[in-house]
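S.K.: okay, structure incoming, though there's no sequence with it:
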């Protein structure tokens, strides 16, 4: 069983992915952690590494190769903005989920989690999304905002992570028992 959970920063991807993985006894594979480890290995802060990734496509390709390889193994919840695309490229059947949420809610969540002013967090996520969207389009010709690639698109603004995870688990059990 392979489930991919994609979405925008602050949409609840990590929380929901952990809950789904725990409920189904699957490994939670988080692209963000892999990317952060790559930054550490390069001796750079996350912001410095993100800026480098803007001009060095090997950074994203290295991360994506790891995610694609993990998708081939299966029995995991892959979390990341390109997780669904990586599963498709690996030729692995997956339940592909996209978590959506208004910018204002996402910025407030990130500010509550990491500190700082909501307005500043909003500016950061807008810059990050612009950078990611451009890089993914340039490298792969893919727009992860395109909801047509996903089996399930969920708005997380007014639902609890537990409720969202429950729906995903139910859908996964149905999809993978056919």
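M.R.: Done, it's in. Note that the structure is a prediction, hence the values are computed from the model and not measured.

S.K.: what packs against the longest helix belonging to the chain?
M.R.: Of all the segments of type helix in the chain, defined by DSSP state H, the longest one is helix 118-140. Contacts defined by 3 or more Cβ pairs under 8 Å, 6 or more residues apart in numbering; DSSP states H and E place helix 118-140 against helix 46-53, helix 57-73, helix 103-114. For glycine as for every other residue, the C-beta is placed from the backbone atoms N, C-alpha and C.

S.K.: looking at the second one now, give me its mean pLDDT.
M.R.: Confidence over helix 57-73 (mean pLDDT, whole number) is 92.

S.K.: sorry, back to before: among the helices and strands packed on helix 118-140, which is nearest residue 164?
M.R.: Residue 164 lies closest to helix 103-114 among those, at 13.7 Å (Cβ to Cβ).

S.K.: run through this structure and note the low-pLDDT ranges.
M.R.: Within the chain, the ranges that satisfy pLDDT under 70 run 178.

S.K.: and the spatially most central residue of the chain, how close does it get to residue 108?
M.R.: By Cα atoms, centre = their mean, the chain has its centre lying nearest to residue 80, at 2.1 Å. Distance, residue 80 to residue 108, using Cβ to Cβ, to the nearest Å: 23 Å.

S.K.: bridged to the residue nearest to residue 175 when sequence neighbours are not counted, which residues?
M.R.: Among residues not flanking residue 175 along the chain, residue 95 sits closest, at 5.1 Å (Cβ to Cβ, 6 or more residues apart in numbering). In this entry, residue 95 is beta-bridged to residue 3, by DSSP bridges.

S.K.: what's the neighbour count on residue 20?
M.R.: The local packing of residue 20 (other Cβ atoms under 10 Å) involves 25 other residues.

S.K.: same question for residue 134.
M.R.: 11.

S.K.: equivalent analysis for residue 47, please.
M.R.: 11.

S.K.: from residue 36, how far off is it?
M.R.: 11 Å.

S.K.: contacting residues for residue 2?
M.R.: Contacts of residue 2 were listed using Cβ atoms under 8 Å, 6 or more residues apart in numbering, and they are 71, 74, 75, 76, 78, 87, 92, 93, 94, 95.

S.K.: wait, the last one touches residue 173, no?
M.R.: Just to be clear, that refers to residue 95. No - assessed by Cβ atoms under 8 Å, residue 95 is found out of contact with residue 173, at 9.8 Å.

S.K.: follow-up on the earlier one: what distance do you get for the residue nearest to residue 175 to residue 106?
M.R.: To residue 106, residue 95 is 23 Å away according to Cβ to Cβ.
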